[in-house]
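In: Quick one: sequence and predicted model below, then my questions.
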Amino acid sequence: MVESKNNSVSARIRTLVLVLLTAVFIFPILLVVMNSFKSRLYVSTVPFSWPVKEMFVGFENYINGLTTSGFFLAFLRSVWVSVMGVGVIILCTSMAAWYIVRVKDKVTKTLYYIFVFSMIVPFQMVMFTLTFVVTGVYFDNIVGIVLVYLGFGAGLAVFMFCGFVKSIPLEVEEAATIDGCNPLQTYFLIVFPMLKPTAITVAILQAMWIWNDYLLPYLILGSDHKTVPVAIQLAMQGAYGSTDYGGFMAMLVVSIIPIIVFYISSQKYIIKGVIAGAVKG
């Protein structure tokens, strides 16, 4: 009886903690949505007040933001960079991880540690050198930036794929070889389909990072090929440091909707993929 009461109390405490954590994470999003319907003056002076009476401007901030930021073109550009970046990362890093795990020698071990080490190098340490190199090799465009994202996203992706590949029985690949498959056929027909849980997890994490990234597109693409975060920043930042906070909030709402929908529709694969990749990580 006492144990049952203790379990009940523990369950209530866990529920309360989870509710509080949920409120902490959801509150900033609700604050942005609420302020997106206020006049720019009231966003900065009373950010926590509900938009009523003279504060409320309806969808004016959304209309102004969409028309002044060139949002639709920036949206298409962000979609291109995100989809291509995620696709290249998954393809290249999964193949690299498969090779590292199956070919066990000093070279592959060194490659693995280089990939892992790249995860802990802050971007700020290399951003100026990177900008100089990228410009020198003419990668400062929406195609070249995909390769740059491959370099920065490879560390985490290879680490996760290696953990999952270790859990795949080698006998499966040997059977494919006996049936006449060459290495590429073995990978694409046998190994890659089995990597689906981890591939989806990597895709979700990389998509959220690339879509929301501001600094790398700003440094490489500049104002000529603006992605969504860069377009919003440049459009809402006025002369002499003035900022249209109402339009800023409205554009933030519009920009986060696609990635939130993508995350909610795919979140069930994250834990599944992480657990699968950690089986023998």
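Out: Yes, it's here. Numbers count the residues shown, from 1 in each chain.

In: Next, the buried residues of stretch 54-61.
Out: Residues of stretch 54-61 classed as buried by neighbour count (16 or more other CB atoms under 10 Å): 55, 57, 61. Glycine gets a C-beta too; all of them are placed from N, C-alpha and C.

In: measure it end to end?
Out: By CA to CA, to the nearest Å, the extent of stretch 54-61 from end to end equals 14 Å.

In: What lies in contact with that stretch?
Out: Outside of stretch 54-61, the residues within contact range by CB atoms under 8 Å, 6 or more residues apart in numbering are 36-40, 42, 46, 49, 51, 244, 246-247, 249-250.

In: picking that back up, next step: the buried residues of stretch 54-61 restricted to helices.
Out: Mapping those onto helices (DSSP state H) picks out Asn61.

In: Check the buried residues of stretch 54-61 against Gly85 and report the nearest one.
Out: Minimum distance to Gly85 across the buried residues of stretch 54-61 is 30.0 Å, recorded for Asn61 (CB to CB).

In: so what pLDDT did the closest one get?
Out: On pLDDT, Asn61 comes in at 86.

In: before we move on, the earlier item: reformat the contacts of stretch 54-61 as CSV; add secondary structure and pLDDT.
Out: Shown next, in CSV, are the contacts of stretch 54-61 (DSSP: H, G, I helix; E, B strand; the rest coil; pLDDT from 0 to 100):
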residue, secondary structure, pLDDT
Ser36, coil, 88
Phe37, coil, 89
Lys38, strand, 87
Ser39, coil, 84
Arg40, helix, 80
Tyr42, helix, 83
Val46, coil, 82
Ser49, coil, 84
Pro51, coil, 84
Asp244, coil, 79
Gly246, helix, 84
Gly247, helix, 84
Met249, helix, 88
Ala250, helix, 89
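
In: which among these end up buried?
Out: The neighbour-count test (16+ other CB under 10 Å) marks 36-40, 42, 51, 244, 246-247, 249-250 as buried among the contacts of stretch 54-61.

In: can you name the two of those that are farthest apart?
Out: Pro51 and Asp244, at 15.8 Å, using CB to CB across the buried ones among the contacts of stretch 54-61.

In: now the helices for the stretch 151-281 of the chain?
Out: Under the criterion DSSP state H, counting those that start in this stretch, the stretch 151-281 of the chain contains helices at 170-178, 183-186, 192-194, 196-212, 215-220, 228-236, 245-266, 268-277.

In: Least confident of these, on average?
Out: helix 268-277 has the lowest average pLDDT among those, namely a mean of 62.

In: Can you spell out which helices and strands pack onto the host helix or strand of Phe75?
Out: Under the criterion of DSSP states H and E, Phe75 resides in helix 71-102. Under the contact definition 3 or more CB pairs under 8 Å, 6 or more residues apart in numbering; DSSP states H and E, helix 71-102 sits against helix 106-118, helix 144-165, helix 196-212, helix 228-236.

In: got the angle for that helix vs helix 106-118?
Out: Helix 71-102 and helix 106-118 are oriented at 140 degrees to each other (axes from the mean of the first three to the mean of the last three CA atoms, to 10 degrees).

In: And helix 71-102, what's buried?
Out: 71, 74-75, 77-78, 81-82, 84-86, 88-90, 92-98, 100-102.

In: Buried residues in the top helix by length along the chain, which are they?
Out: Longest helix of the chain, by residue count under DSSP H: helix 2-35. Residues 32, 34-35 are the ones in helix 2-35 that count as buried (16+ other CB under 10 Å).

In: ditto for stretch 104-121
Out: By neighbour count with 16+ other CB under 10 Å, stretch 104-121 contains the buried residues 108, 111-112, 115, 118.

In: and the least confident of these?
Out: Least confident entry in the buried residues of stretch 104-121, by pLDDT: Ser118, with 87.

In: What is the neighbour count of the residue lying closest to that residue once chain neighbours are set aside?
Out: The shortest distance from Ser118 to any non-neighbouring residue, by CB to CB, 6 or more residues apart in numbering, is to Gly155 (3.9 Å). By other CB atoms under 10 Å, the residues close to Gly155 number 18.

In: ok, now Ala175?
Out: Residues near Ala175, counting by other CB under 10 Å: 13.

In: Since that was my last question, I'll sign off now.
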